[in-house]
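Colleague: show me the folded form of this:
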Amino acid sequence: MSIGRLPDHEQRILDEMERVLRRDRRLDRRLRTLRVSRLPDPARLFVRLASYRPRVWTVAVLLAVSVALLVIGIVTSEPGVIWAFAALWPLTLFAGFRLMCRWCGS
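Modeller: Next comes the predicted model:
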């Protein structure tokens with residue numbers, strides 16, 4: 001493939017294609033509103049987690065559901081219930097910690 005300039009007839013064809021594409025309003029609008037999907041940025045995720053401000057009711061509901069799952073898991077020994085508790089308990093602790101930090105002013 002040559003690095004030089006295109007031959008005249010190919011340059012005319014290319015110019016005509018560019019003119020046609022510039023007149024296409026729908027294509028222009030789609031290209032302007034095109035959003036590039038990005039991979040999650042770990043720094044943005046950390047900032048979002050650090051700015052999380054749970055409400056009292058959210059923490060109360062999480063705590064009530066966690067305690068209920070704990071009791072049901074102890075009584076029935078169902079693996080699904082135990083795994084549900086294991087997944088919900090760290091979220092409950094994190095939300096409770098963030099609520100206490102907000103109350104203390106930190």
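Colleague: could you pull out the helices in this structure for me?
Modeller: Assigned by DSSP state H, the helices in the chain fall at 8-23, 25-32, 42-50, 56-76, 79-104.
Colleague: tell me what angle the worst-scoring helix or strand of the chain on mean pLDDT forms with helix 79-104.
Modeller: Sorting the helices and strands of the chain by mean pLDDT, DSSP states H and E puts helix 42-50 at the bottom, at a mean of 78. Put simply, helix 42-50 runs at 80 degrees to helix 79-104, going by axes from the mean of the first three to the mean of the last three C-alpha atoms, to 10 degrees.
Colleague: mind exporting helix 42-50 as CSV, just the C-alpha atoms?
Modeller: Taking C-alpha atoms only, helix 42-50 is exported to CSV below (Å, rounded to 0.1, in the frame of the first residue of the first chain):
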residue,chain,number,x,y,z
PRO,A,42,-12.1,1.8,40.1
ALA,A,43,-11.4,5.4,41.2
ARG,A,44,-15.0,6.5,40.4
LEU,A,45,-16.4,3.4,42.2
PHE,A,46,-14.4,4.3,45.3
VAL,A,47,-15.6,7.9,45.2
ARG,A,48,-19.2,6.7,44.8
LEU,A,49,-18.8,4.2,47.7
ALA,A,50,-17.2,6.9,49.9
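Colleague: still on that earlier bit, JSON lines for the helices of the chain, including mean neighbour count?
Modeller: Any C-beta I mention is one placed from the backbone N, CA and C, and that applies to glycine too. Formatted as JSON lines, the helices of the chain follow (neighbours: other C-beta atoms under 10 Å):
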{"stretch": "helix 8-23", "mean neighbour count": "10"}
{"stretch": "helix 25-32", "mean neighbour count": "10"}
{"stretch": "helix 42-50", "mean neighbour count": "9"}
{"stretch": "helix 56-76", "mean neighbour count": "14"}
{"stretch": "helix 79-104", "mean neighbour count": "14"}
